[in-house]
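Participant: Fold the stuff below for me.
(one chain, ligands or ions: 1)
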Amino acid sequence: MATVLDSITEGVREDLAGRKAAVSLRDLEEQIAAAPPALDAHAALAGGRSDPAGVRIISEVKRKSPSKGDLAEIPDPAVLARAYQAGGASVISVLTEARRFSGSLADLQAVRAAVEIPVLRKDFMVDPYQFYEARAYGADLVLLIVAALDDAQLRDYLALTQELGMHALVEAHTVEEIERAVALGAQIVGVNVRNLKTLEVDVTHYAAMAQHLPEHVVRIAESGVEGPETVRDYAAQGADAVLVGEALVRNGEPELAVKEFRAASRAQTPAKETM
Ligand SMILES: O=C(O)c1ccccc1NCC(=O)[C@H](O)[C@H](O)COP(=O)(O)O
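Facilitator: Predicted structure coming up:
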């Protein structure tokens, strides 16, 4: 039976066909050649687990989602991104998928122009063309979802990401997916506590998976944050960074919310020193 993830990626492929017909790969390559180089997202995220200032926050621009429907209007993603940056976010995540999340490459471009920190293109990457798009529209980091890719694709897409000067956040949900990601050389590994096949969210899942993340990878806890306590709990389990969507876009004071999330994780510093 087709999963939610299968149906999302099917829509992504259909939409991609239209964009490929409208803009050639050569045009994207020209845009990339004229663009400033990507920022170092790995450096922005690494070391969060032992930083006395707290874990790194990846703050997301997310209008709607398959699990929750409409979340926030976000008429100008640049305004939201600037608030996130002012609050101390380390990376801005921009959902660019249109059908289920109401995102776009225009959102990515607007956010890139508005902030000085790295920007993640958060989408369902299933075709090399999307990597060129990501860089052409200003992404420094792209998402690779292990559950949506076979090993050959993961290997090729990791190489292409690097070739284009970007980093990859490689997202896993199970032990087997973590092992595949690490074996293929992922440097930044996210554990999404949302199962993208069923949409079930279980914040305790991060703790269960964290022990399978090797020391050398940058560890990201993704999804399910309801407030500072969740960030504190992820930090206590050794996350370098926490990716937050809904709790930030629904918060009327996103700058303050990012500050509070970081502050909450600082309470975990003594616990982390023993890890
Ligand atoms: O958010 C969803 O419902 C969703 C459904 C299917 C695939 C992906 C989905 N979300 C992408 C994400 O992983 C989240 O936007 C991100 O981790 C932030 O999650 P949250 O803080 O829970 O909004």
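
Participant: Tell me where the stretch 101-250 of the chain has strands.
Facilitator: Listed in chain order, the strands of the stretch 101-250 of the chain (DSSP state E, counting those that start in this stretch) span 119-122, 141-145, 167-172, 188-192, 218-222, 241-244.

Participant: The ligand contacts on the stretch 51-200 of the chain?
Facilitator: Within reach of the ligand by CB under 6 Å from any ligand atom, the stretch 51-200 of the chain has these residues: 60, 62, 65-67, 192, 194, 196, 199. In this view, the C-beta of every residue, glycine as well, is placed from N, C-alpha and C.

Participant: Those residues into a markdown table, with extra columns for pLDDT and neighbour count?
Facilitator: Output for those, formatted as a markdown table (pLDDT from 0 to 100; neighbours: other CB atoms under 10 Å):
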| residue | pLDDT | neighbour count |
| --- | --- | --- |
| Glu60 | 98 | 26 |
| Lys62 | 98 | 25 |
| Ser65 | 97 | 20 |
| Pro66 | 95 | 16 |
| Ser67 | 94 | 16 |
| Asn192 | 98 | 24 |
| Arg194 | 98 | 21 |
| Leu196 | 96 | 22 |
| Leu199 | 96 | 14 |
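
Participant: hang on, the earlier thing: could you redo the strands of the stretch 101-250 of the chain as TSV and give each row distance to Arg49?
Facilitator: TSV is the format used below for the strands of the stretch 101-250 of the chain (distance: least, CB to CB, whole Å):
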stretch	distance to Arg49
strand 119-122	19
strand 141-145	19
strand 167-172	16
strand 188-192	13
strand 218-222	7
strand 241-244	9
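
Participant: From the structure, what's the count of residues near the residue in the stretch 101-250 of the chain that the ligand sits nearest to?
Facilitator: Per CB to the nearest ligand atom, Gly245 is where the stretch 101-250 of the chain lies closest to the ligand, at 2.8 Å. When neighbours are defined as other CB atoms under 10 Å, Gly245 has 26 of them.

Participant: what stretches of the stretch 151-275 of the chain score poorly on pLDDT?
Facilitator: Along the stretch 151-275 of the chain, the parts satisfying pLDDT under 70 run over 268-275.
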